[in-house]
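[1] The sequence isn't on hand, but the structure is:
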């Protein structure tokens, strides 16, 4: 009867030893290779630090002007541009300028990294069913595993700082762009591809001339999602030493500063909305063939 | 007589996980149903032998599921056969390497699709230039060619439209212009006009026939529509369950259907508008009636023959030489729909 009431657990000592061995091995691994891995990420760290310093050091009216200009290039909408300018003025007025610049820097770098890695990975997945079968569960894990859990090995390996923060953000934010690139390419009409084949298109002509342009709406939805998810990681990233709007939020949690938390939280929301509107409308504008009178 | 452009020999296509393993059984005559039940493979094409003459329109006709679209995709190897030979200008298409095949598709054979297969993100002009751009033609040249072909299919002025802004018939004109622009000798048309409504379809057939008069391409045309096949085909091959059951000139197929399946196919056609005098004529007998052209259809000849004193006419060829004679009785016999109840002999003559 005891077999049914008590779960037949692994023997306690053995379990402890197992965990110990894993920890031990990982610690040894990080002692051995930690520095190499850190060096590998040096260029990224340098770029992130450079961008952040640039944004903070530049005169604020110039930064707003450049951001408003980018918003205009992306959205071609006066409403979005005016909203952007007002949001940044308010952010500066309430004393969150530097934190916002730091967040802007890490989001930009994280998004760039995610796009640079995610789109090729999505293309690979679309090309081979085996790659898709292999990558999909990994993406599932990345999206669902609590961020704190993968922060442990990242921090053990790289310590506390910008790079581990960036990696944590990327792990969380990259799945949508990979998934939607894959999906977008797989959803490309068979007829359009067959026509490309029949006219003798080679692999890159197929990919660049037909698959990617036709998958663009989905890829853009992926970019948009990736940016949103990166922004939502700002607070958690601040726990391992990433500067930005997450730091005051974290401080206000531990000290119960309602106003501070709310203001910085709203600044994150403002950034999210601006990024979302601009990237969405840019994506739509790339699809000019979808406009106009449509037959059938 | 005419030279052969595409030669298809003993071509088999079996769909399924291990087609090679059941090939021998199929070659020994296993039926489609048996293959599906016993081995879970689908028989696509069975022992196809077709010679496609150069510079003519060869129609391959069959109902859906007969394998016609599968067959046409073998010619540019969009589908790989399970066994058989396929020669174009005596070059073995099936032994071509990947890059040779790409060159073949770029320069030798172009294709028009049932659902048009246009690229919705390209303008009409860019779609027409697509084959040229893929070939690596310079942009200026591709542009001027694209303009030229759009003009030829009657779409000048639509260069900067997107396909979604055009009607079905116009979209297929773009598809046709795209296929013609690469200057390939072979034009593969997979149910190219089947998605269009009847009036537009006749329109497009005229466009094709007009162009063909001048371009003399080798056209392989797939259709399920007998009227279309009779209208444009120089030769017709009829496909059923993946096998060719009859091939020949349209007149020959109407007059001598090889089995009940084909007979069912042709029994509803308007014979008066399809059968030509030349098909029915007897030996020349220099009667008193007028001369009529051998290519005149029965309906048009009827009045002249009926009003001739002896109810006979002389049949002449294109240069006016008398090559035969035709009588009213022969025309009426030709017009009569073969009776299903009749004996096979009476039915086929």
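    Structure received. Note that the structure is predicted; figures quoted are calculated from it, not measured.

[2] list the contacts for residue 170?
    No chain specified, so I'll use chain A. Going by CB atoms under 8 Å, 6 or more residues apart in numbering or on different chains, residue A:170 touches A:110, A:113-114, A:117, A:230. C-betas here are computed from N, CA, C, even on glycine.

[3] if you could check chain B rather than the one you did, that'd help
    Contacts for residue B:170 (CB under 8 Å, 6+ apart) come out as B:155, B:158.

[4] Helix or strand: which one has it?
    helix B:168-181 (DSSP states H and E).

[5] Only the buried subset of the contacts of residue A:170, as a ChimeraX command please.
    The command below creates a ChimeraX selection of those among the contacts of residue A:170 that count as buried (16 or more other CB atoms under 10 Å in any protein chain shown):
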select /A:110,113,114,230
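
[6] Pull the most distant pair out of the contacts of residue A:170.
    For those, the maximum inter-member distance is 13.2 Å, found between A:117 and A:230 (CB to CB).

[7] what about the spatially most central residue of chain A, distance to residue A:139?
    Centroid-nearest residue in chain A, with CA atoms, centre = their mean: residue A:173, separated by 3.2 Å. Look at residue A:173 and residue A:139: by CB to CB, to the nearest Å, they are 12 Å apart.

[8] next one: residue B:335
    When residue B:335 is compared with residue A:139 (using CB to CB), they lie 70 Å apart.

[9] Settle it for me: which of these two has more neighbours?
    residue A:139 (18 against 15; other CB atoms under 10 Å in any protein chain shown).

[10] Once you drop chain neighbours, what's closest to the more buried one?
    Nearest non-adjacent residue to residue A:139, counting by CB to CB, 6 or more residues apart in numbering or on different chains: residue A:175, 4.3 Å away.

[11] if I pick that neighbour, what's in contact with it?
    Residue A:175 touches A:139, A:142-143, counting by CB under 8 Å, 6+ apart.

[12] per-residue confidence for it?
    Residue A:175 carries a pLDDT score of 96 in this model.

[13] Please report the number of neighbouring residues for residue A:270.
    20.

[14] from memory it sits against residue A:87, does it?
    Yes: with contact defined as CB atoms under 8 Å, residue A:270 reaches residue A:87; the gap is 4.2 Å.

[15] Quick check: longest helix in chain B by residues?
    Criterion DSSP state H: the longest helix present in chain B is helix B:198-215.

[16] Show me what counts as buried in it.
    Quick answer for helix B:198-215 (16+ other CB under 10 Å): B:200-201, B:203-205, B:207-208, B:211-212.

[17] Over to the closest residue to residue A:285 other than its chain neighbours: give its phi and psi.
    Closest residue in space to residue A:285, ignoring its immediate chain neighbours: residue A:76 at 6.7 Å, by CB to CB, 6+ apart. Taking degrees, to the nearest 10, you get phi 50, psi 40 for the backbone angles of residue A:76.

[18] Can you tell me which residue is spatially central in chain B?
    In chain B, the residue lying closest to the centroid (CA atoms, centre = their mean) is residue B:59, at 1.8 Å.

[19] Run through the residues that contact that one.
    Each residue near residue B:59 by CB under 8 Å, 6+ apart is listed here: B:221-223, B:228-229, B:232-233, B:235-237.

[20] so what's it bridging to?
    Beta-bridge partners recorded for residue B:59 (DSSP bridges): residue B:221, residue B:236.

[21] coming back round to it: quick one: the residue nearest to residue A:139 and chain B, what's the gap?
    From residue A:175 across to chain B, the span is 26 Å (CB to the nearest CB, to the nearest Å).

[22] tell me the SS of that residue?
    Here residue A:175 is recorded as helix under DSSP: H, G, I helix; E, B strand; the rest coil.

[23] quick one: residue A:262 is in a helix?
    Yes: assessed by three-state DSSP, residue A:262 belongs to a helix.

[24] any chance you could map the helices in the stretch 51-200 of chain A?
    Secondary structure of the stretch 51-200 of chain A by DSSP state H, counting those that start in this stretch: the helices cover A:60-75, A:78-93, A:97-127, A:129-144, A:147-158, A:162-186, A:190-198.

[25] Please convert these to JSON lines, extending it with distance to residue B:250.
    Below are the helices of the stretch 51-200 of chain A laid out as JSON lines (distance: least, CB to CB, whole Å):
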{"stretch": "helix A:60-75", "distance to residue B:250": "60"}
{"stretch": "helix A:78-93", "distance to residue B:250": "64"}
{"stretch": "helix A:97-127", "distance to residue B:250": "46"}
{"stretch": "helix A:129-144", "distance to residue B:250": "46"}
{"stretch": "helix A:147-158", "distance to residue B:250": "71"}
{"stretch": "helix A:162-186", "distance to residue B:250": "43"}
{"stretch": "helix A:190-198", "distance to residue B:250": "28"}
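
[26] For residue 279, give me the pLDDT.
    Picking chain A for this. So residue A:279 comes in at 89 (pLDDT).

[27] wrong one, I was asking about chain B
    In this prediction residue B:279 is given a pLDDT of 87.

[28] what do you get for residue B:124?
    Model confidence at residue B:124, given as pLDDT, is 96.

[29] That one contacts residue B:155, correct?
    Yes: the pair residue B:124 / residue B:155 is scored as a contact, 6.7 Å apart, by CB under 8 Å.

[30] so what's in contact with the two at the same time?
    Shared contacts of residue B:124 and residue B:155, defined by CB under 8 Å, 6+ apart, comprise residue B:174.

[31] Compare neighbour counts for the two and give me the winner.
    Here residue B:124 and residue B:155 are compared on neighbour count by other CB under 10 Å; more neighbours surround residue B:124, at 26 against 21.
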